[in-house]
Structure formats: C-alpha cells, structure tokens
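Enquirer: For reference, the sequence and a predicted model appear below.
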Amino acid sequence: MTNTAVKTKEKAKGTQKGDPMLPRPFRVMGVRKELADTFTMELKPENGGAFFFKPGQFNMLYVFGVGEIPISISGDASKTSVLVHTTRSVGKVSSAINALKAGDTVGVRGPFGTDWPVAKEEGMDLLFVAGGVGLAPLRPAIYHAMNNRKKYGVVTVLCGARTPEDMLFMNEVKGWRARLDMEVRLTVDRATDCWKGCTGVVPKLITKGSFDPAKTAAFVCGPEIMMHFTAKALLENGLPPEKLYLSMERNMKCGVGLCGHCQWGADFVCKDGPVYSYDKIASALSIKEL
Amino acid sequence: MHKAQSKTAAVSTGAKVVLDEAGFAQLFKVLAKVGYETIGPRVRDGAVVYEEISSPNDLPIGVSDEQDGGHYRLVKGAPGAYFEYVVGPTSWKKYLFPPRQKLLDVARNGNGFKAETVVENDVPYAFIGVRPCELAAIRIQDKVFGYDPENKSAACADPGYCARRSKVLLVAVNCSRAAKTCFCESMGTGPQAKKDQGYDLLLTEILDKEKHFFVMESGSKRGSMVLDVLPKRKATDEDLRAEENALARARRQISKAMPPDVDKLLKKNLEHPRWEEVAKRCLTCANCTMACPTCFCNTVEEATDLTGDHAERWRLWDSCFSVDFSYIHGGAVRPGAFSRYRQWMTHKLSNWHDQFGTSGCVGCGRCITWCPVGIDITEEAKAIKYTSR
C-alpha cells in the first residue's frame, strides 16, 4: 500500500529523502590514530557523490549492529569528496567506531545542526578556543578561516589539553603555529617531561590584550566546564556576548528533533544548536540541570 | 469505499442524526466489511483499555470509573450505558505511535551493509470511543510527527506514524460525565468535541429509563460515507436538548483546572523551590509519560541476530524521567529528580508552545490518576503560581 500521505522532504543536504532515520553507507578509506583513545577516519560515500556540510555540524554515525551516535564533522568543508570524523572512545559505539579499519562501512545521517557563523563574522578577528577533543568540531571553521584568509582579521587559536599526550592534532597545530598569518598558543593542565610550553587551564591564556573586544568573534568548544570558564574570561575582558559562540552537547538518539533526548529548555540541541551565540543561552546556562 | 445505498443525498458533515442501539451495532459491521480493524474500549484487568472490539457487546457496558490522584477503580454505572467511563491507562498513541516499532532492516553485505526502511502494510484502524481530549492529543502528536495532509510542503518526521494516521477512522464520543481528575475544559479540549478537532464521526450517548440512542454527526467525507449506510433518523430538537444536557452534566462535574498562562509562569520559575518539594514525592517511575497521550520521547536501539548478519533498528518509547535519558560522557545532565520532574512539566505546559505552537497537555488527567503518589500537575502549577517569583 503506498503511503500517499507521506510527503518527501525538500532536499536535505547529505540525507536520504523520505526516511530521516535511514543511514547512508560510507566506506572507511583510512584511519589515523591521533591519541591513545582518539582516531580520525576519512570516509567516502559507498554509492558515490559528494558530502556537503557547514563547519560545526555533526552526523549521526552508525556502526552495523552496535548503535548510532552524534559526532561532529572534523574535516575541511571545501573538500566535498571526503568526509572526516574524529572520534574519542568514551562508550560502546564510539569504541566500535574507533575499531573500524579501511574498507569497513559506517552509516551516516546528516549533516545536522547549526554551524559556526563563519560567513556572518567575516571581517572580524577570529579567536578559536579549544579544550581537549573540542578542537575537532572547531577544525572545519579553522580550515575555513585559512582557506579564506583575506576575509578575516587576526586569527588566533588557543588549545588546551590535560597533558601533552592529550593534545589533539599536534603536528597539524605545529604547522598552524608556523604560519605567519595565524597565532597559536597551547597550554596543558599538567606538564610532562618534554613540555616547555605554558601550563594551566586554557582560560588562563585569555587576558586583556590577547584579543581586541571591539572586533573579535570567539568560537569555543570543549567540556562544558571549560566553556563556562572560557566564556567568563572572554566576557570579563570585554567580548560582547553576541560575538561569543559555543558548541553544546546533549544526548541524541535521532538528530532530527524527534526523540526528545537533546532538549534544553525549549530547544532541541540537534536542531537549534549545537552552535549557539552566548547571548541567546546565557540564562539557560545558569540554571542547574536544565 | 462503500457505495451509498439509500436514495437520499449523502449525510453532510455537521448534520445531526440519531441511531438506535441496532443502528450503532450496524456501525461495527460496516467498518469490518470495509476492512477496518476496529479498536475500542473494553475491560481488562480491572481497567478500561483500548483493544480490538467487534461489536457493542465488547464495550464496557454499564461500567463507570472512579478516579483520583493515584486511584482508579471500575464501578457500576448506569445499566446498559456504553460510554459512561472516561479515559483509562492506555491511550490511542499505543496504536498510532506504538511502544516498539521497527524502523530499519539492515543486512550485512561483504564489508558493508544495506539498510532498508521498514514499510508497514497494516490494516487500517477504526478507533471507536475517542474522547474529545484524545482527539486533541492526536492532533498534538500530528504536529510532533509532521502529519499535515493539508500542507503539501510539510515534511513527515516519522513515515510510520504518518502512514498509520492517514488511514485511521476516528469515531469520537462526547463525554457525558467527568472524572475527578479531568480538566479538559481549562485546556480547551472538552468535554465536547469541537468541529475542527478532526473526528470522522462524533456521537453522544443518550440513555435514560425509556430510551437509549446515539446522536451522531459526521466530521469528514469518510465519516459521511459510513454514516450514509447506517439506519438513522433526523435528530429532533428534543434529541439535541438531551445531548446538551448530557454535555452540561459533564461540564458540571469537572472539578480541576489548570491555571491560565501557565506557560509563562513556568518559564519565570525554573528555580522555584517547589521543584525540590515535588522531587521528595516523585518516584521518577515514568508512569505519567507512559499514560500521557501526547508524550513522544523515544529512544532508538539496534538489535542483531545470532549470526551477526542482520541488524534491526527499533524505536521504543522512552521517558525523560530516567537518569539515562540525558546521559552524555561525564554523566547525566539531569541526575536529580527535581530537574527531571521540572523537565517533564515545563516541556508539557510551556516549551511545547515554543516547539509546536500549542500546549502539550489536553487535560485528560491520566498523569494524576496513574501517579502512584498522586502528584497533580494542576496543583503543582497552582503551588508555583501562588508563590511565583
């Protein structure tokens, strides 16, 4: 019996028409180990075609028979033939994702969610602040800034990690630091033997003079406690709340605003987020266990 | 569909007719003949639940109910009454949005897999005995799942729901009494069904010592086609007066009310001490979310067979009351009972407006009746209102 009442969606980027819960198979082309528990995989659609997304968006990644979880896209949005995801093993599905090898298949639904406002903030200085694996959802926006360098003013990247061994994309970050048109500063909570850089939590890197509050947009991503103190430091140093952007995380089972798990106040973080400007969420952030 | 047998014109929507007991029994036969699976109220395990029925004899005849916070009993009602009880623990969402639904079949294919959407070919349902509050609840879930046949560009969020919903025939019943836990009137959903509430057929049962009949009207083309072939007569003024009296009796019996503007009230009181207070009583058992006809939160689970070659994706009912519901790496966002109760109540009465344009509550009172400790959502709202920040 045909479902005449079911109207197909207008073309959604990267998703199958008709059933929002149907994953699209992607082949794993390669896997790179970044840290002890964090791996990056490069994916290509099984049935050909491209994958379009905006920096800051995420996909629901499906491992056959194991489960499906939301993972931010961590690659270059201008390279549409390859989809890149960086995943940290924290549970059953993420560990299964990190056990995939080249030649395996992973299911992709997406892209979902709001993006880092790289277009809206053209002309501004960009300040990227990353805590731990939070650098992965920021990386597409950093790539965008590097690929469109003339559209932005000063570009600064501040990265924090627990120890030097937990610093994500270290070699790549060293390359960014070597560029004359980007400023990169790193810090670790706890130094180990070879570390000669800063120690301390990443908000400590934010001081008066580390950015121009009159023309900066800040993109912040990391554990919620890190974003809380980073936001505090940025606002105390004069950053307007509407120029401060955070990427929020919540439990997601569907990614399309139907399962209800990601609700935060009246928002569905999968649709109304994950990227938010601080002025819109300041009061929600202050309410315990909202 | 069934061709009209009488020579008179098809019954237009809104025109009221009267069916006697035999005529009403004929409705069941017509629905079965056309191919509907008829679902309606029947007594099971001491409650009125919605299951398959095939004739008026399956209905809870002469049964009424006594409901209060954490209290539900079936009692003797007027002898011969078909619809004197009001809503029970289950709602029609059990059929339109089943507790367990297979979404996908996935087959291993070399190193890869092939996933397919499950297409359901269910027999269409006819629901007999849909109360006005339940009509409103179905409309609310329609918005949630994106079912909107009037709107060509509406995107259906759940193809399974939309398929089932598009085929269902709704035979609604106006209430002629109210339970202690009903508060439909203050939510604008009852005890009388409104014309635009989406029923195919609507009836009001009239029963007294001398007579037993049903004042019926159609609300749609599909409803008219069914009503056409049933033996009936035109409703007289006396019939309509009897209908009005029945509805007035229901209105008189409604004793609870949700305060108005509760959506704005709750937004201003997210840190009210009442949340901690209700948390001392709330068991976070999730009964309210299961009984509620509009709650839609669900989870998605994968299941494999023993060979590991086939997997299935299932959608299951879930509840914001579980700690697991909000779990992310690092812990649950809402570990406390206070925040989980707040989530349920503010979603239902406030956030739903922002998300879907209406309240999520229809005033059916199930959450009050089926709460083991008798928490009353209207009382909680009032408690916050009278001590609001």
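Expert: It's in. Source: prediction; values computed, not measured. Numbers count the residues shown, from 1 in each chain, chains lettered A, B, ... in the order given.
Enquirer: I figured B:Gly374 hits B:Tyr72, correct?
Expert: No: contact criterion C-beta atoms under 8 Å: B:Gly374 and B:Tyr72 do not qualify, at 11.1 Å. From N, CA and C alone the C-beta is placed, and that goes for glycine too.
Enquirer: if you count what's nearby, which of the two comes out ahead?
Expert: The neighbour count for B:Gly374 versus B:Tyr72, taken as other C-beta atoms under 10 Å in any protein chain shown, is higher for B:Tyr72 (18 against 15).
Enquirer: On the pLDDT front, check that one for me.
Expert: As predicted, B:Tyr72 sits at a pLDDT of 98.
Enquirer: low-confidence ranges in the stretch 51-200 of chain A?
Expert: By pLDDT under 70, the stretch 51-200 of chain A has no low-scoring segment.
Enquirer: Break down it into its strands, ranges please.
Expert: A:58-63, A:67-72, A:83-88, A:105-112, A:125-131, A:155-161, A:183-188, A:198-199 (DSSP state E, counting those that start in this stretch).
Enquirer: Mean neighbour count, the ones you listed: which tops it?
Expert: Burial of the strands of the stretch 51-200 of chain A is given as mean neighbour count (mean count of other C-beta atoms under 10 Å in any protein chain shown); strand A:58-63 ranks first at a mean of 27.
Enquirer: Tell me which strands that one pairs with, and in which orientation.
Expert: strand A:67-72 (antiparallel), strand A:105-112 (antiparallel) (DSSP bridges).
Enquirer: B:His353: which of the strands of the stretch 51-200 of chain A is closest?
Expert: B:His353 lies closest, by C-beta to C-beta, to one member of the strands of the stretch 51-200 of chain A: strand A:105-112, at 23.8 Å.
Enquirer: Centre of the chain to whichever strand or helix holds B:Val171, how far?
Expert: Using DSSP states H and E, B:Val171 sits within strand B:169-173. From the chain centre to the centre of strand B:169-173 is a distance of 11 Å (C-alpha atoms, centre = their mean, to the nearest Å).
Enquirer: How about stretch B:327-340?
Expert: 29 Å.
Enquirer: For it, output the C-alpha coordinates as CSV.
Expert: Coordinates of each C-alpha in stretch B:327-340 appear next as CSV, following Å, rounded to 0.1, in the frame of the first residue of the first chain:
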residue,chain,number,x,y,z
TYR,B,327,23.3,10.8,29.8
ILE,B,328,26.4,12.1,28.0
HIS,B,329,30.0,11.3,28.6
GLY,B,330,30.7,12.6,32.0
GLY,B,331,27.3,11.9,33.4
ALA,B,332,23.6,12.7,33.2
VAL,B,333,22.7,16.3,32.6
ARG,B,334,19.7,15.8,34.9
PRO,B,335,20.8,13.5,37.8
GLY,B,336,18.3,15.0,40.2
ALA,B,337,14.6,14.1,40.5
PHE,B,338,13.8,17.8,40.8
SER,B,339,15.3,18.6,37.3
ARG,B,340,13.6,15.6,35.7
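Enquirer: How are the strands of the stretch 201-350 of chain B distributed by residue range?
Expert: Remark: strands assigned in the stretch 201-350 of chain B by DSSP E, counting those that start in this stretch are B:201-207, B:212-218, B:233-234, B:298-304, B:310-317, B:327-328, B:331-332.
Enquirer: Among those strands, show me which one is buried the most.
Expert: Neighbour counts (mean count of other C-beta under 10 Å) averaged over each of the strands of the stretch 201-350 of chain B peak at strand B:201-207, with a mean of 24.
Enquirer: Alpha carbons only: can I get that one in PDB?
Expert: Only the C-alpha atoms of strand B:201-207 are listed here, as PDB (Å, rounded to 0.1, in the frame of the first residue of the first chain):
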ATOM      1  CA  LEU B 201     -17.800  10.600  13.200                       C
ATOM      2  CA  LEU B 202     -18.900  12.000  16.500                       C
ATOM      3  CA  LEU B 203     -21.600  10.600  18.800                       C
ATOM      4  CA  THR B 204     -23.200  11.500  22.100                       C
ATOM      5  CA  GLU B 205     -24.800   8.600  24.000                       C
ATOM      6  CA  ILE B 206     -28.300   9.400  25.400                       C
ATOM      7  CA  LEU B 207     -29.600   6.900  28.000                       C
END
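Enquirer: A:Leu239: what's its closest spatial neighbour, skipping adjacent residues?
Expert: Nearest residue to A:Leu239 in three dimensions, chain neighbours excluded: A:Pro213, at 5.1 Å (C-beta to C-beta, 6 or more residues apart in numbering or on different chains).
Enquirer: May I see the buried residues of the longest helix anywhere in chain B?
Expert: Secondary structure of chain B per DSSP state H: the longest helix is helix B:237-253. Using 16 or more other C-beta atoms under 10 Å in any protein chain shown as the test for burial, helix B:237-253 gives B:Asp239, B:Ala242, B:Glu243, B:Ala246, B:Leu247, B:Ala250, B:Gln253.
Enquirer: now the angle from that helix to strand B:201-207?
Expert: Comparing the axes of helix B:237-253 and strand B:201-207 via axes from the mean of the first three to the mean of the last three C-alpha atoms, to 10 degrees yields an angle of 90 degrees.
Enquirer: what helices or strands is helix B:237-253 leaning on?
Expert: Helix B:237-253 is packed against strand B:201-207, strand B:212-218, with contacts defined by 3 or more C-beta pairs under 8 Å, 6 or more residues apart in numbering or on different chains; DSSP states H and E.
Enquirer: Next, work out how far apart the residue lying closest to A:His144 once chain neighbours are set aside and A:Gly273 are.
Expert: Using C-beta to C-beta, 6+ apart and skipping the chain neighbours, the partner closest in space to A:His144 is A:Val118 (4.8 Å). Distance of A:Val118 to A:Gly273, given as C-beta to C-beta, to the nearest Å: 16 Å.
Enquirer: Can I get stretch B:16-36 as PDB, trimmed to CA atoms?
Expert: What follows is stretch B:16-36, C-alpha atoms only, in PDB (Å, rounded to 0.1, in the frame of the first residue of the first chain):
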ATOM      1  CA  LYS B  16     -27.100  15.600  13.300                       C
ATOM      2  CA  VAL B  17     -28.800  12.200  13.100                       C
ATOM      3  CA  VAL B  18     -29.900   9.600  15.600                       C
ATOM      4  CA  LEU B  19     -29.000   6.000  15.600                       C
ATOM      5  CA  ASP B  20     -30.600   3.500  17.900                       C
ATOM      6  CA  GLU B  21     -28.800   0.500  19.500                       C
ATOM      7  CA  ALA B  22     -29.300  -1.600  16.400                       C
ATOM      8  CA  GLY B  23     -28.000   1.200  14.200                       C
ATOM      9  CA  PHE B  24     -25.000   1.600  16.300                       C
ATOM     10  CA  ALA B  25     -24.300  -2.100  16.200                       C
ATOM     11  CA  GLN B  26     -24.500  -1.900  12.400                       C
ATOM     12  CA  LEU B  27     -21.600   0.600  12.500                       C
ATOM     13  CA  PHE B  28     -19.300  -2.200  13.700                       C
ATOM     14  CA  LYS B  29     -20.400  -4.500  10.900                       C
ATOM     15  CA  VAL B  30     -19.900  -1.700   8.300                       C
ATOM     16  CA  LEU B  31     -16.400  -1.000   9.500                       C
ATOM     17  CA  ALA B  32     -15.500  -4.600   9.400                       C
ATOM     18  CA  LYS B  33     -16.900  -5.100   6.000                       C
ATOM     19  CA  VAL B  34     -14.900  -2.100   4.600                       C
ATOM     20  CA  GLY B  35     -11.800  -3.600   6.000                       C
ATOM     21  CA  TYR B  36     -11.100  -1.700   9.200                       C
END
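Enquirer: contacts for that stretch?
Expert: Applying C-beta atoms under 8 Å, 6 or more residues apart in numbering or on different chains, the external contacts of stretch B:16-36 come out as B:1-2, B:11, B:38, B:53-56, B:82, B:123-126, B:128, B:169, B:171, B:203, B:212-217, B:226-227, B:229-236, B:239-240, B:243.
Enquirer: Can you pull the domain assignment for the chain?
Expert: If you meant another chain, say so; for now it's chain A. A:24-112, A:125-247 (automatic domain parsing).
Enquirer: You answered for a different chain; I wanted chain B.
Expert: Chain B breaks down into these domains under automatic domain parsing: B:17-252, B:262-385.
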